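>>> model this:
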Amino acid sequence: MTPSTPPPTRPSPSGTPDSPAPGRRMKPLRRLTARGRDETHRVATPLELFFDLCFVVAIAQAGIQLVHAVAESHAGEGILNYAMVFFAIWWAWMNFTWFASAYDNDDVLYRIVTLVQISGVLVLAAGVSRAFEDHEFMAVWLGYVIMRCALSSQWLRVAWSAEGPERTMALRYAGGILLCQIGWLGLLILPEGGRAWLFLVMAPLEMCVPIYAEKDHPTSWHPHHIAERYGLFTIIVLGETIAAATVAVKSGIEKNDALGEPLPIAVGGLLIVFAAWWIYFVVPIHGHLRSNRQSFLWGYGHYLVFASAAAIGAGLEVAVEQAVGEAHLSTLAASAAVTLPTALYLLTVWALHSRHFKVGLAQQLVLPVAALLVICCTFAGEWAVLAAGLVSALAVATGTTLTARLVAREARESPARASSAVV
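Got it, this is the predicted structure:
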């Protein structure tokens, strides 16, 4: 998207259009009008948190099926199905998140439509296993229909409440979403070999809808709110990764009555997840979200952040199953199931977040070098995951040390500059 000035909004005393002053009762139905981008104390609502929590079900199902595919030496097919299913999950979440940031009025109809979208997520989650095992996408497609039609109805509400360029933008969104949904019918009617090609066509078309819809009138999303929503979803995905790894270790201990094999994997996995959390939240990214060009590239890039973070959990399960003799693949392949998504996560977070705040070549190289070293850990045999965890922790320590030195140097230079100014 091209950079543009945020559209004017119709603020109210409380900062939210059509919202009452504190102490007054809200009408059950209100116009769906744009919120202000300069609202203070804008935070995620309980409905948004509930929405995210329900997405965990779908993410968990996708991770479980990826584990089964990789453990049975069908990694290529499993990764392709995972990429397609995770795109559906991520894209539905992202569209709701940006819409809510701009237009959430929390009235009765808005809540009902959002709950319908959650129902669609659960239908999609119920069909994940059949999509992986039988290449049957009916339930996934039906769940996607429910989510996307509900979102289109929200955009039609915006069009009804707006006028001029904003109304045109809302109609473009509603029409683009529905047209893309027709395109996804190919998952049901095309032969199995053509579905991957359909995905390669439809995914970019889906991502072009916001670019086309907002080319004349950008939505008034809130930078702090968007940054918080993405951060919360990152925490949820990392939490699911820890839960999956814990279940895998527990199962390995119960079936084999031995702690020695899964213990290095468990320790390395925890270090990786802890480092992943630290690296993501070390910088205040909302200050970077100034225009649609920056923000949409940042938002789209999170497909790789979320998908790789969830894949780390699946990889840890595969590594544990291989270590206790439950998986039909080599140690190298099991190690790669952890190290490759970890390296992808480090590189993507560096590209989206860290590089905008790093000063000097040394700071800029920390995460790219760490990603390369994590890949090299793949060849460390049964110690690969532990080695990758240690590298990730070392990256955090190195980055923290370099930042501390920079702050100390700036503190020493400030009094010196002040003294020279006085002289």
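>>> Regarding this structure, what is its longest helix?
helix 384-422 (DSSP state H).
>>> helices and strands around it, which ones?
If contacts are counted by 3 or more CB pairs under 8 Å, 6 or more residues apart in numbering; DSSP states H and E, helix 384-422 sits against helix 262-281, helix 292-323, helix 331-352, helix 360-376. To be clear about C-beta, it is placed using only N, CA and C from the backbone, and glycine gets the same treatment.
>>> Show me what whatever helix or strand residue 248 lives in is packed up against.
Assigned by DSSP states H and E, residue 248 belongs to helix 223-256. Contacts defined by 3+ CB pairs under 8 Å, 6+ apart place helix 223-256 against helix 46-71, helix 75-103, helix 262-281, helix 292-323.
>>> Need these in a markdown table (columns: mean pLDDT, distance to residue 215 and mean neighbour count).
Shown next, in a markdown table, are those (pLDDT from 0 to 100; distance: least, CB to CB, whole Å; neighbours: other CB atoms under 10 Å):
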| stretch | mean pLDDT | distance to residue 215 | mean neighbour count |
| --- | --- | --- | --- |
| helix 46-71 | 88 | 27 | 20 |
| helix 75-103 | 90 | 16 | 21 |
| helix 262-281 | 91 | 31 | 22 |
| helix 292-323 | 87 | 9 | 24 |
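>>> closest one to residue 27 among the helices and strands packed on helix 384-422?
Residue 27 lies closest, by CB to CB, to one member of those: helix 292-323, at 31.6 Å.
>>> Please work out the angle formed by the directions of the closest one and helix 46-71.
Interaxial angle, helix 292-323 versus helix 46-71 (axes from the mean of the first three to the mean of the last three CA atoms, to 10 degrees): 50 degrees.
>>> Helix 292-323: how far from the chain's middle?
Remark: helix 292-323 is offset 7 Å from the chain centroid, using CA atoms, centre = their mean, to the nearest Å.
>>> again, but for stretch 69-86
Distance of stretch 69-86 from its chain centroid, counting by CA atoms, centre = their mean, is 19 Å.
>>> ok, now stretch 35-55?
Distance, centroid of stretch 35-55 to centroid of chain: 15 Å (CA atoms, centre = their mean).
>>> got the helices and strands packed on helix 223-256 as CSV, with distance to residue 119 columns?
Putting the helices and strands packed on helix 223-256 into CSV (distance: least, CB to CB, whole Å) gives the following:
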stretch, distance to residue 119
helix 46-71, 9
helix 75-103, 12
helix 262-281, 30
helix 292-323, 22
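>>> closest one to residue 220 among these?
helix 75-103 (5.1 Å).
>>> Run through the neighbouring helices and strands of that closest one.
helix 46-71, helix 108-126, helix 128-133, helix 138-161, helix 192-213, helix 223-256, helix 292-323.
>>> picking up where we left off before, out of the helices and strands packed on helix 223-256, the one nearest residue 401 is which?
helix 262-281 (13.3 Å).
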